[in-house]
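> with the input below, show me the fold.
(chains A, B and C)
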Amino acid sequence: QSNNAPSSYDPHDIKITGYLQTQFQQAQSSGISSFSGGDFAENSDNRFIIRRGRLKIDRVDKYSSIVFQIDATQNGINLMDAFIQLQQPDHNELRLTAGLFNRPFGYSIVYSSGYRDFPERARVFQTIMPRERDIGAMLSYQPLKFLTADLAVVNGSGLYARDYDSKKDIIGSLTFKFDSLANRKLQLGFGASFYKGSVRNDTESFYTSDGSGFIKNTSPLNAGANLKRNYFGGNIQIQYNSRHWGATTLKAEFVSGTQPGVAASPSITGPVASQSFTTQPATDLYLRNFTGYYLLFTQQVAKTKFNALVGYDVYDPNNKVKESQIGVAANTSAGDIKFSTLGYGLTYLVNPRVKLTAYNERVINAPAQLDNYRNDIRDDVFTLRLQYRW
Amino acid sequence: QSNNAPSSYDPHDIKITGYLQTQFQQAQSSGISSFSGGDFAENSDNRFIIRRGRLKIDRVDKYSSIVFQIDATQNGINLMDAFIQLQQPDHNELRLTAGLFNRPFGYSIVYSSGYRDFPERARVFQTIMPRERDIGAMLSYQPLKFLTADLAVVNGSGLYARDYDSKKDIIGSLTFKFDSLANRKLQLGFGASFYKGSVRNDTESFYTSDGSGFIKNTSPLNAGANLKRNYFGGNIQIQYNSRHWGATTLKAEFVSGTQPGVAASPSITGPVASQSFTTQPATDLYLRNFTGYYLLFTQQVAKTKFNALVGYDVYDPNNKVKESQIGVAANTSAGDIKFSTLGYGLTYLVNPRVKLTAYNERVINAPAQLDNYRNDIRDDVFTLRLQYRW
Amino acid sequence: QSNNAPSSYDPHDIKITGYLQTQFQQAQSSGISSFSGGDFAENSDNRFIIRRGRLKIDRVDKYSSIVFQIDATQNGINLMDAFIQLQQPDHNELRLTAGLFNRPFGYSIVYSSGYRDFPERARVFQTIMPRERDIGAMLSYQPLKFLTADLAVVNGSGLYARDYDSKKDIIGSLTFKFDSLANRKLQLGFGASFYKGSVRNDTESFYTSDGSGFIKNTSPLNAGANLKRNYFGGNIQIQYNSRHWGATTLKAEFVSGTQPGVAASPSITGPVASQSFTTQPATDLYLRNFTGYYLLFTQQVAKTKFNALVGYDVYDPNNKVKESQIGVAANTSAGDIKFSTLGYGLTYLVNPRVKLTAYNERVINAPAQLDNYRNDIRDDVFTLRLQYRW
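Just a heads-up that it's a prediction; the model follows:
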């Protein structure tokens, strides 16, 4: 279920796996910004899309493995994973990964979308680590069966970019996993991560928080300055397998830190304003302290093929400003608005390869002093998804 | 030979098939609009191209199957098919298809280009259903061995698009197939189809026919109105296998209906003006009543590996206006001109996988009262194609 | 090791091979033009990139074969090879190749990047034949075990283009290979090639050399004129396998001719000015007489898994003008500057599939009378590459 691994570490020649997700979606209104498969077209409130079409080719031998994955949808075909792994066969606690891989930060980024119960990753992770991947090198160390440490150096500019600056970013994580506690009924995992990077400012000015709004810092020295992009996070997963009620799973993850972004403007929507950059941003940067988290609850329906899902996630791009002050406090914009999402739904495993998911998301924003944001936007989304995994 | 099926319904693990078509083409003049593999570059009247490079990956089990197909040429790599099929093993007359698949309209749209005798689909089908595919869901019902009914709901915006409006389009077809009549010498197929959809008008005006030209309808209510896109069609295929003369095949298909398009302009060529849209058209729509058909005749040359081909097809984008009135009747443009194509050629099966095709097309337009269209355009095309199927 | 062949000519069903190259690079300064994996971003002097991600699918039978190769990197996914080969099983000295294949010119163009010791092809070949491939047809004739003759007709516009003019280009080569001389210790290869093509001039003027600078030729007849693009080249490869010292290899190749290019300008860098075109150039052409060559020396380090590499290559886009006159002589520009590259490094074969390469390149330009080129540009590049071949 980790994206940073071949389909299996048992030595094998070329193997093709993958999954296809096709879905119908109904939004509450046309043209909304959405984290449930991307924004809707200006005049469209419903659509059929291929959400993910993955083809993974891997090969494993005693010393090395390779993973190659592409994503093919109506939006085009792109490389998703391309990494080489090296290990000593007798010391397989140490592993080097080089190439394009998932950032080893937290739990949900690395967890495969082909296995996740919920349709999408939380808004905060789609914002700070869009498309999950970056290019670089990673050292993984597993001294004990239940403990893994990862340390990676990456470009910081994501999946589709050669780096746009000269500074590299560092990612580290510590993961604990206990697979068979309480007579094999209980599984427990938890971990902590950090991201230490920067974004290059291209202008002579950038903005920092003055408590409620932003103040402008201007100096010739600011052109080319690398502003901090630092996150830290924690996560926990608990699964209990009851003889009567089936499996119950609770997953939670928290992340906080400093994110360089820009201001929302007529050409930059609120959600895009604090999204991590894939190219050099041309305008003044805004440094924001953000917080985000999710809680995901899955309950198998009495040992049937049905699972009930309830999820809740929050992303507050700027935890220094009150929502009611956005638009009033100096230099605040739609890029500072907090969003919460309450989702609930059902999955049905048609067979081990085919899964049907119905999921509804209530997306809530607190009112701000900005046109279009004085009330909760009508941006809820219902998704009906069919997935095949092979 | 159907594109809406895996390489075979016999249960199998991942299987890779495909075909490659590479060709040399000579046009009558440089820079012509062409339906024989796309327009020629402004200063070019001949070219080598990769016409189609298909890689299809599928997997089939008792209950479900998956098909994934990409197309790779000098123009880029794109997803062509990505669908999941579900069926009850004991009631395999019913099948659900979901994802990106060929529109179940008529005969030639769904028929694979890797098996077709003639190099390209008829102009009318390339115009009303460019790239054949759309995203949605389809129910297929085969109550009798010789009868299949398909009903699909699709975006209406084709292969490379998330939908641009909120209305979905409906496609239905009824197909009859008799594979072994007259002591197995005769094969007969026929069918009928409909397409019931719409295109969103983005302006306050659209144009309708007033008998010979177009009149403009203006009202604030027209902005956002969904104009009818309705087709109906019929088709027939006859094949006779003679002991002496080899196989003789005749295929014919007819389609008529209402197509929302735009006017031809310096930036929009005539053929593009009535092509179905993949994004929201920005200018006033023109509602045209169109007619199109093709006749295709294939004769095996006395049980050799040669086949002689003769094809004729017609597309009249606007059957309400006489060609001689185009340019005179109000608001008519190059988008209303009728084109006929007479093609003839030979195929040679080098071996079961390799086919060589030489095919010449005479493309004829009736003179119109428009500059560049007062005579037949010099837009004939000769194609020499080598195909490998694997 | 030839790109114009399947993974093996032994009959086989579909086979997947490929290789992945991921690397870290450090440039001497930010934003440099580079032939070591492409230009660096404006503010970046180091980067992680996926240099090549190749997936090759082929199939071979007695009479025919097919090769399909894609390249997937952070820059996108593209078709690299797509060709059909036909041969008579009893006369396999004759072979027809049709589709997208490597231009049969010289040694390094056709030699696979997955097998090459050095990270990149020489600057001259990247300039005159970018991405190595073109679309067309080729006849290969091997009358003797050690002699192959190739003759190809191609568009002349390269990998990603339908042709932009009506003239085709001709390529021919003669290759000699002796694999087991001197008691199997010595391998020797050599060859000669020509390229005879043209580039269409779109304006009424083009420039030719007047000895030191360029003079402008203006005439209405020049619009649409096809200017000569003619190359000829020679190459030699020697490998000696010593019982004590391991393998020693020396490879050298030379190419000279006439290349139509454009002038360097604020929007066209010097290296791009003489690069072969993939689309119709819009501005006046410059006809330049160029020379280029490389010398590559590889020494296995005493039968270990290490190889020492030393390479030197030169590209002089305009061998009629002295470097010191560039900027002074009429109409000369940065597009006329000569570059030499001295590279040295080490490779380590981790296992038969995995190779680690460390390679440093000193890129030298003679001073010219142009701003930014009065001294040697700081454009050296160090590359650390990990490759997996499968």
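
> alpha carbons only for contacts and neighbour counts from here, please
OK.

> from what I can see A:A161 touches C:I50, true?
No. Using C-alpha atoms under 8 Å, A:A161 is not in contact with C:I50, being 10.0 Å away.

> quick one: contacts for the nearest residue to A:N226 once chain neighbours are set aside?
Nearest residue to A:N226, sequence neighbours excluded (C-alpha to C-alpha, 6 or more residues apart in numbering or on different chains): A:R200, at 4.3 Å. Counting by C-alpha atoms under 8 Å, 6 or more residues apart in numbering or on different chains, A:R200 makes contact with A:D165, A:G224, A:A225, A:N226, A:L227, A:Q280, A:P281.

> next one: A:R200 from chain B, what distance?
Applying C-alpha to the nearest C-alpha, to the nearest Å, the value for A:R200 to chain B is 33 Å.

> picking that back up, buried ones among the contacts of A:R200?
A:D165, A:A225, A:N226, A:L227, A:Q280, A:P281 (16 or more other C-alpha atoms under 10 Å in any protein chain shown).

> which of the contacts of A:R200 lies closest to B:N75?
A:Q280 (28.4 Å; C-alpha to C-alpha).

> check contacts around the closest residue in space to the closest one that isn't next to it in sequence.
Leaving aside its sequence neighbours, A:Q280 sits nearest to A:Y164 (C-alpha to C-alpha, 6+ apart; 5.9 Å). By C-alpha under 8 Å, 6+ apart, the residues touching A:Y164 are A:S157, A:T278, A:T279, A:Q280, C:A41, C:E42, C:N43, C:S44.

> if we go to 10 Å?
A:155-157, A:199-200, A:277-281, C:30-31, C:40-47 (C-alpha atoms under 10 Å, 6 or more residues apart in numbering or on different chains).

> so which of those sit within strands?
Under the assignment DSSP state E, the contacts of A:Y164 contribute A:V199, A:R200, C:N46, C:R47 to strands.

> redo those residues as CSV? Include pLDDT and distance to C:V381.
Listed next are the ones in strands among the contacts of A:Y164 as CSV, based on pLDDT from 0 to 100; distance: C-alpha to C-alpha, whole Å:
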residue, pLDDT, distance to C:V381
A:V199, 97, 24
A:R200, 97, 22
C:N46, 97, 9
C:R47, 98, 11
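
> what is the nearest of those residues to chain B?
Checking those against chain B by C-alpha to the nearest C-alpha gives C:R47 as the nearest, at 26.1 Å.

> shared neighbours, A:A161 and C:I50?
Joint contacts of A:A161 and C:I50 (C-alpha under 10 Å, 6+ apart) are A:I135, C:T73, C:Q74, C:N75.

> strands - which of the residues you listed land there?
Those of the shared contacts of A:A161 and C:I50 lying in strands (DSSP E): A:I135, C:T73.

> please render the shared contacts of A:A161 and C:I50 as JSON lines that adds pLDDT to the earlier fields.
Converted to JSON lines, the shared contacts of A:A161 and C:I50 look like this (pLDDT from 0 to 100):
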{"residue": "A:I135", "pLDDT": "98"}
{"residue": "C:T73", "pLDDT": "97"}
{"residue": "C:Q74", "pLDDT": "96"}
{"residue": "C:N75", "pLDDT": "95"}
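
> bridged to A:F48, which residues?
Under the criterion DSSP bridges, A:F48 forms beta bridges with A:F24.

> on that earlier part again, quick one: the residue nearest to A:N226 and A:G172, what's the gap?
With distances taken as C-alpha to C-alpha, to the nearest Å, A:R200 is found 22 Å from A:G172.

> contacting residues around the residue at minimal distance from the centre of chain A?
Among the residues of chain A, the one closest to the centroid is A:F125, at 3.4 Å (C-alpha atoms, centre = their mean). Each residue near A:F125 by C-alpha under 10 Å, 6+ apart is listed here: A:F105, A:G106, A:S108, A:I109, A:R131, A:E132, A:V255, A:Q275, A:G292, A:Y293, A:Y294, A:Y315.

> now swap in A:F146 and tell me
Contacts of A:F146 (C-alpha under 10 Å, 6+ apart): A:T175, A:F176, A:K177, A:F178, A:D179, A:G189.

> tell me which parts of the stretch 1-150 of chain A are close to chain B?
A:15-17, A:19-24, A:26-27, A:29-31, A:38-55, A:71-78 (C-alpha under 10 Å from any C-alpha of the partner chain).

> which members of the residues you listed are classed as buried?
A:15-16, A:19-24, A:26-27, A:29-31, A:40-55, A:71-75, A:77-78.

> so is stretch A:77-90 next to chain C?
Yes. Against chain C, stretch A:77-90 shows contacts by C-alpha under 10 Å from any C-alpha at A:I77, A:N78, A:L79, A:M80, A:D81, A:A82, A:F83, A:I84, A:Q85, A:L86.

> now the helix or strand hosting the fourth one: mean pLDDT?
Using DSSP states H and E, the secondary-structure element containing A:M80 is strand A:76-87. Mean pLDDT, computed over strand A:76-87, is 96.

> point out where the stretch 51-200 of chain A drops to low pLDDT.
A:91-92 (pLDDT under 70).

> if you set the cut-off to 80 instead, what comes out?
A:89-92 (pLDDT under 80).

> the helices in it, which residues?
A:123-128 (DSSP state H, counting those that start in this stretch).

> A:A308 - nearest residue in space that isn't next to it in sequence?
Using C-alpha to C-alpha, 6+ apart, the closest residue to A:A308 is A:L346 (4.6 Å).

> go on, A:T332?
Per C-alpha to C-alpha, 6+ apart, closest to A:T332 is A:I326, 5.5 Å.

> A:Y115 now?
Here the residue nearest A:Y115, using C-alpha to C-alpha, 6+ apart, is A:Q1, at 6.4 Å.

> what mean pLDDT does stretch A:322-342 have?
pLDDT averaged over stretch A:322-342 gives 96.

> write out the residues of the stretch 251-390 of chain A neighbouring chain B.
A:V350, A:N351, A:R353, A:V354, A:R385, A:L386, A:Q387, A:Y388, A:R389, A:W390.

> show the residue spans covered by the strands in the stretch 151-300 of chain A.
A:169-181, A:186-200, A:205-209, A:214-218, A:226-242, A:246-261, A:285-300 (DSSP state E, counting those that start in this stretch).

> turn those strands into a markdown table, including distance to A:N365.
Shown next, in a markdown table, are the strands of the stretch 151-300 of chain A (distance: least, C-alpha to C-alpha, whole Å):
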| stretch | distance to A:N365 |
| --- | --- |
| strand A:169-181 | 31 |
| strand A:186-200 | 27 |
| strand A:205-209 | 21 |
| strand A:214-218 | 21 |
| strand A:226-242 | 23 |
| strand A:246-261 | 19 |
| strand A:285-300 | 14 |
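
> and those strands: which comes nearest B:K320?
From the strands of the stretch 151-300 of chain A, taking C-alpha to C-alpha, the stretch that ends up closest is strand A:246-261, at 57.0 Å.

> where does the closest residue to A:K62 other than its chain neighbours fall, phi/psi-wise?
Excluding the flanking residues, the one nearest A:K62 by C-alpha to C-alpha, 6+ apart is A:P89, at 5.8 Å. Backbone torsions of A:P89, given as degrees, to the nearest 10, read phi -60, psi -30.

> from what I see, A:P89 and A:D61 are in contact.
Yes. At 9.4 Å, A:P89 and A:D61 qualify as touching, with contact defined as C-alpha atoms under 10 Å.

> settle it for me: which of the two has more neighbours?
A:D61 (15 against 12; other C-alpha atoms under 10 Å in any protein chain shown).

> need the contact list for that one.
Counted by C-alpha under 10 Å, 6+ apart, A:D61 has contacts A:Y9, A:D10, A:P11, A:H12, A:D13, A:L86, A:Q87, A:P89.
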